[in-house]
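**Q** sequence isn't available, so here's the structure alone:
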């Protein structure tokens with residue numbers, strides 16, 4: 001699988017963090033088509049951040065489709081596809097977060113789902129790559145602001 005994290009991962013900018021990095025190890029994904037990594041060490045300045053444990057997870061999961069869907073036939077009269085199935089990829093971060101001081105952590109989940117039209121991988125790969133490029137670039141650019149919004153509620 002081409003999706004493979006190298007360790008450490010350099011984190012995006014966040015208010016209060018200086019040069020965050022995340023050292024990880026391979027973990028067992030619950031999905032047979034998945035790859036999972038658990039964060040075992042932190043780098044840079046990230047006061048209060050906890051690494052992975054059983055009751056306080058910090059994981060990255062990628063799952064590809066179990067079977068890739070392909071295009072059906074075109075309508076004999078109109079010449080148009082009758083339906084376009086999607087191949088769904090999932091990226092999921094699980095991170096424990098304490099809801100109230102003195103309480104155990106509760107798991108928050110961050111999901112990114114990519115629903116790719118069947119056939120576009122061969123008919124239009126440049127635009128698939130462009131969408132991912134924009135996604136990663138936008139998340140890098142918005143990292144600190146998104147973190148601030150999650151903390152303050154101000155967009």
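**A** The structure has been received and is ready for your questions. These numbers were taken from a predicted model, which means no experiment stands behind them.
**Q** what packs against the helix or strand of the chain with the lowest mean pLDDT?
**A** Least confident helix or strand, the chain: helix 125-152 with a mean of 90, by mean pLDDT, DSSP states H and E. Applying 3 or more C-beta pairs under 8 Å, 6 or more residues apart in numbering; DSSP states H and E, one finds that helix 125-152 makes contact with strand 106-117, helix 120-123. Backbone N, C-alpha and C define where each C-beta goes, glycine included.
**Q** ok, which of the ones you listed comes nearest residue 21?
**A** Among the helices and strands packed on helix 125-152, strand 106-117 comes nearest to residue 21, with 18.4 Å by C-beta to C-beta.
**Q** who touches that closest one?
**A** Strand 106-117 is contacted by residues 57, 84-99, 128, 132, 135 when judged by C-beta atoms under 8 Å, 6 or more residues apart in numbering.
**Q** in stretch 25-44, which residues are buried?
**A** Across stretch 25-44, burial judged by 16 or more other C-beta atoms under 10 Å covers 27, 29, 34, 35, 36, 37, 38, 39, 40, 42.
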